[in-house]
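Trainee: Sequence plus the predicted model coming up.
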Amino acid sequence: MRLIFFGPPGVGKGTQARILSEEFGIPHISTGDMLRSAVTRGTELGRKAKTIMESGGLVPDDVMIGIVREELSSPEARKGFILDGFPRTLPQAEALTRLLQEMGFGGYTVVNFDVDDEEIVRRLGSRLVCEKEGSILNTEDGVVAGDPCPRCGGRLIQRDDDKEETIRKRLGVYHSTTKPLIDYYRKGAAIVDLDGMGSVDIVRREIKLLLGK
Ligand code: AMP
């Protein structure tokens, strides 16, 4: 199963990708998680990406394409994968099409998540992330920043880019640069459109239904 989770930041792609990658036994390739890990480890990539991410901008295409090429070359990706947060620009989408062809992968499905912007601002503003495992929680679950993660004990933090001003910038970048890619995919790929407004469980079941799983 090869899936591309597509949609604005905060739409629930990461949460669903984490759950379904476990359920289907395929890797979850999140470019955002990889960049955050590079920032935490203080690698050269992390140092370059940090300010861009904090401002809500996009890391250059050649860097991102190189990262994804490496991930797709892993033996685990032969079983299938869920791409989350990539592609975000037309050059990334075109490079991905070429990569998948070169690597002899067959078809894939784009899952197009939709949630309105004000709901996204609300969700991201109350989102907390586990520093250790990346699990996603919400202050509405009764936890606050600094609490231990109920799953692994790691510390829950608010991402720097989940501040309202940066959220609005990220949404702007999504609408101007990433959203138009859906036309690229509508021309030749299998796409399923998903209403992401429901609870985590409802959305999970809806995705499985749409994928016939
Ligand atoms: P995410 O966790 O997917 O919302 O990604 C967090 C941030 O990482 C984004 O706001 C971008 O700054 C950067 N990033 C993640 N994926 C990409 C990508 N495919 N292209 C460019 N920048 C990216």
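Mentor: Perfect, I can see it now. Remember, predicted model here, so these are calculated numbers, not experimental data.
Trainee: The nearest residue to residue 153 once chain neighbours are set aside: what secondary structure?
Mentor: Spatially, and ignoring its direct neighbours in sequence, residue 153 is nearest to residue 132 (7.5 Å; CB to CB, 6 or more residues apart in numbering). From N, CA and C alone the C-beta is placed, and that goes for glycine too. Recorded secondary structure, residue 132: coil (DSSP: H, G, I helix; E, B strand; the rest coil).
Trainee: Number of residues surrounding residue 132?
Mentor: Counted by other CB atoms under 10 Å, the residues lying close to residue 132 total 14.
Trainee: hang on, it packs against residue 151?
Mentor: No. Between residue 132 and residue 151 there is no contact under CB atoms under 8 Å: 9.1 Å.
Trainee: Enumerate every residue touching the residue in the chain that the ligand sits nearest to.
Mentor: Going by CB to the nearest ligand atom, the ligand is nearest to residue 32 of the chain, at 2.1 Å. Neighbour list for residue 32: 14, 84-85 [criterion: CB atoms under 8 Å, 6 or more residues apart in numbering].
Trainee: next structured bit after the helix or strand harbouring residue 34?
Mentor: Counting by DSSP states H and E, the element that carries residue 34 is helix 31-41. Where DSSP H and E defines the elements, the next helix or strand beyond helix 31-41 is helix 44-55.
Trainee: just the strands in this protein please.
Mentor: Assigned by DSSP state E, the strands in the chain fall at 2-6, 28-30, 81-84, 109-114, 127-130, 136-138, 156-157, 190-195.
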